[in-house]
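Engineer: Quick one, fold the following:
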Amino acid sequence: MSDFKNAFVSLVLCAVVAAAGEIRPLFRLPVSGTVTDFVVDGERICVANDRGMVEVFDLRTRELLDRIVLAPVRSGLGDFVPARVHSVDHRHGKLLIVGSGEDAYRNVWLYSGHTLVKLIGTERKLMVKEARFVDDDRIVMGTFASRIVLHYLGEKFESYSKQVTQSTLGDIALSADRRRLVMSDESGEVRILDVESGRVETVYDSQNVDNVYKVAHAAGVTITAGQDRRVGVYREGAKPYHIKSDFLVYAVGISDDGRIGVYSSGENNDLQLFETATGRKLDRLVGHRSLINRIVFFKKRYLISAGDENEVLFWKVEGLK
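Structural biologist: The predicted model follows:
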């Protein structure tokens, strides 16, 4: 009976492996520096890098449309170095850019009509990690110290600035309607905040026991990428669970309908697709050469991803509706 069971298990595992295939990149888009963040704006992609630039490409022709270059900053040794771009977001043709400043503080820039305007300078002594548009008039920022700030653009004042936790910020993500903010930190906890008030609405029963690097959120589903080699999955109205990986998980992504998740997997920097409702693994995406830091679903059947390398990878994922 034992031999029969072993043979049966082997057949099942072989069937699972056969059902899940490997996908290679559709194409690679070379950029001018190591990618730090990117955002898709219709048929354009805006790619930030560690050389102080945001490059805008046409996704259909792969043509470079624009290049925004931040002024270099003085290092602690007195040399001028490129201002690393930490995050980029878009709204109605405008770009929101967070770049390094002197003394490790951050500058926050608004790029509109080929004009770059500084919204927040280093004199504010904010270590902004990410900034995202809420609407045409407001942005929300997350600092390394886990302070969430809602800032009005025109009036240049803050609606609120709230210290949410005492742990270092891991990542933030906004819901599709930009009314909810999901944040994680080095404790592994995940919180959902009301953007309008900054009030914490939900603190999940954490599936991570260490630092969360990235979060992805869509249609009431949140996925986390953990230093503890776990992928946390939180679904409204369902019990949270986690998937164990064999390597640190640096990045996650989620489809617009919340059905399909993806996470960086293994020492070879692959991407693993899975069903969020069941945790069942789907196809694996193979082709990255470095640690992955950003994954985005695009037009339902496509993925875009980037890592610590000078290129952005595009994938076509069959079988997704």
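Engineer: what's downstream of the lowest-mean-pLDDT helix or strand in the chain, the next helix or strand?
Structural biologist: The helix or strand of the chain with the lowest confidence, counting by mean pLDDT, DSSP states H and E, is helix 2-19 at a mean of 41. For helix 2-19, the succeeding helix or strand toward the C-terminus, using DSSP states H and E, is strand 22-23.
Engineer: Can you list the helices and strands that that next one packs against?
Structural biologist: Applying 3 or more C-beta pairs under 8 Å, 6 or more residues apart in numbering; DSSP states H and E, we find strand 22-23 packed against strand 281-285. Where you see a C-beta, it was placed from the backbone N, CA and C, and this is true even at glycine.
Engineer: Tell me the buried residues in the strand it packs on?
Structural biologist: Of the residues in strand 281-285, 281-285 count as buried by neighbour count, 16 or more other C-beta atoms under 10 Å.
Engineer: what does stretch 212-229 give?
Structural biologist: 212-218, 221-229.
Engineer: now do stretch 178-189
Structural biologist: Buried, per 16+ other C-beta under 10 Å, within stretch 178-189: 180-189.
Engineer: about what we covered before: among the buried residues of strand 281-285, which one sits closest to residue 122?
Structural biologist: Comparing the buried residues of strand 281-285 against residue 122 with C-beta to C-beta places residue 285 closest, at 38.9 Å.
Engineer: residues contacting residue 310?
Structural biologist: By C-beta atoms under 8 Å, 6 or more residues apart in numbering, residue 310 lies in contact with 30-35, 49.
Engineer: Now that we have those residues, can you turn them into JSON lines and tack on secondary structure and pLDDT?
Structural biologist: Shown next, in JSON lines, are the contacts of residue 310 (DSSP: H, G, I helix; E, B strand; the rest coil; pLDDT from 0 to 100):
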{"residue": "30", "secondary structure": "strand", "pLDDT": "98"}
{"residue": "31", "secondary structure": "coil", "pLDDT": "98"}
{"residue": "32", "secondary structure": "coil", "pLDDT": "97"}
{"residue": "33", "secondary structure": "coil", "pLDDT": "97"}
{"residue": "34", "secondary structure": "coil", "pLDDT": "98"}
{"residue": "35", "secondary structure": "strand", "pLDDT": "98"}
{"residue": "49", "secondary structure": "strand", "pLDDT": "98"}
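Engineer: mind showing which ranges of this protein have poor pLDDT?
Structural biologist: Applying pLDDT under 70 to the chain picks out residues 1-20, 319-321.
Engineer: give me that answer again for 80
Structural biologist: Scanning the chain with the threshold set as pLDDT under 80 gives 1-20, 76-78, 155-157, 318-321.
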